[in-house]
Structure formats: structure tokens, C-alpha cells
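> Sequence and predicted structure, then a few things I'm wondering about:
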Amino acid sequence: NPFYPALERGIQDIAHENDYHLLIYNTDGIAARERGCLDAVQQARVDGIVAVLFHLSAKDLFPLLENGIAIVRVESAPKAAGPYPLDNLYVDNAKAARSAVEYLLGRGYTRIGMISGRGGPGRTREEGYRDALAADGRVDVDGVVTTAGFTERDGYEGMLTVLARTPRPDAVFASNDLLAMGALLAIRERGLRVPDDIALLGFDDIPMARLVSPPLTTISQFQRQLGRRAAEMLFERLNGDLAAAGRTEEMPFQLIERASA
């Protein structure tokens, strides 16, 4: 997922400024791999961690915190640290998804579907989707097609399900840009046009989003800036009080208007 290299680059920018090296552990959002990383980072004797976690809670991280390892979580929703000295940086994904659907409603689309991967930020983005429809007086219980993951293949298969519905949605919100890319392929294979026959809106603003035809309207989380701020918070913790109460800070998002919706 191209979202993560941009995030990692931002972290690396700040790490290098502070003469630190960056170790990267990919878990693919799998619970067992996340837990395996707990042992790996302790064995590596790291000073601090910036973590994107789908499964582990603050309680799971306590052994690391107790050993003096600073941690900043990058989240899709505000999370309290509770009694732990754990810092949290987040983009409000529910609010961002709500703004995406409100944009589609404002453009005159009336039958808005959603394709979302299972777990992770998909749940939060689905919440925003449903909130926007409810606020507009629409209750669309069957509007979400849930796929196994967040890949182009998942988006392709999810879009085939959407296109088989009667009546067919006139717009689709995909919970990340990779899903949107796969959805775009399925739409084209059925001889339909974006946005003339069906509009498409993604999430993340990965580099490919501006290169596809038509260029993808999407939500940007400013990934590199997000990574930089997460690393800055980590070094603020390392250079300050490791036992101080945890902080929670929100970062912005922006809807990027292009030609797909």
C-alpha cells in the first residue's frame, strides 16, 4: 500500500535529523505479526516506536513502555492513552469519510455505495459513510460491500458486486485508493464510464491517484507530514519525561477534487 512508504519517509526525515536509524517492521495488519513485533523490537533494543496498529491495545504495549521505550501510535480515530505514557497522533477518518460522502451528495448523487476492506481503518470510514447518509435522511443498510482486504483485486471484486445491484449506485466511495483502482478497472470492463455512468471517490491520495484516467477524487491525509509529526512527538518524548501522561493530537485531512466524481 503506497500510503505507508510516504508515512515512513516522513518518520525517516526526522530520525535522520536526530542522528537515529529507522527499522521498519511490516505486519500487513495481521494480529499475530503485530504481537511478534513486540518481541522483535525489544530484542533490537530500540529507543522508540512509531506504530500503526490494527489489533494491539494500549495494554498490550505496556511491557514496552515499562522498559522505557517511547511509543507514538498513528491512528484513524482519537484514542485515549488511559493510565499509560503513550502518545497518539490521528487523522479523524470518520470525519474525513463523512466529508467525502457529503461531497458526493452535494454533487447530486443519490445512490451512493461503499467498498471497504475488513477491519483496520475500514470500520471508522464506514462509520463516517453511514453518518453522512443518515444526516441526509438516507438509511442504506446494504450500501457497504465488505471485501477481504484493501488491494486492487479486492476493489475489483467488490465493484463487480456493486454493479450487479438493481438499481445500480450512481456513485461509490472506496475506503482506500487501491480499492478505487480495482473498482475503476471493473467499471471499464463493463463498458461504463467514470464519472458519467458512475462516480468514484477514494481515500489516501496515493501517487497513482493523480495519474489514472480519469484522475481520482480522493481524501489526502498528508502522509509524509503525518509521519514527520509522529516522529517529532516521539523525540519530544525521548528528550522529555518518559513517564509523563500521554498526549493525543489531531492532524488535518483534505478532499482533493479531480475528475472521477
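Everything's here; your move.
> how about the strands in the chain?
Counting by DSSP state E, one finds strands in the chain at the ranges 48-51, 70-75, 87-91, 112-117, 144-147, 171-174, 199-201, 218-220, 248-251, 254-256.
> tell me the most buried of these?
Among the strands of the chain, strand 171-174 has the highest mean neighbour count (mean count of other C-beta atoms under 10 Å), at a mean of 31. C-beta: built from backbone N, CA, C; applies to glycine.
> Can you tell me what sits against it?
When contacts are defined by C-beta atoms under 8 Å, 6 or more residues apart in numbering, strand 171-174 is touched by residues 97, 100-101, 104, 107, 109, 111-116, 129, 155, 159, 162, 180, 183, 195, 198-203, 261.
> which residues of this structure score low on pLDDT?
81, 139-142 (pLDDT under 70).
> Tell me where it has helices.
In the chain, the helices defined using DSSP state H lie at 3-17, 31-43, 58-66, 93-106, 121-135, 152-163, 177-189, 223-238.
> Return the list of helices and strands in contact with the third one.
It refers to helix 58-66. helix 31-43, strand 70-75 (3 or more C-beta pairs under 8 Å, 6 or more residues apart in numbering; DSSP states H and E).
> Output those in TSV; the columns should cover distance to S213.
Formatted as TSV, the helices and strands packed on helix 58-66 follow (distance: least, C-beta to C-beta, whole Å):
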stretch	distance to S213
helix 31-43	36
strand 70-75	32
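> what's the closest of these to E17?
Shortest distance between E17 and those, using C-beta to C-beta, is found for strand 70-75: 16.1 Å.
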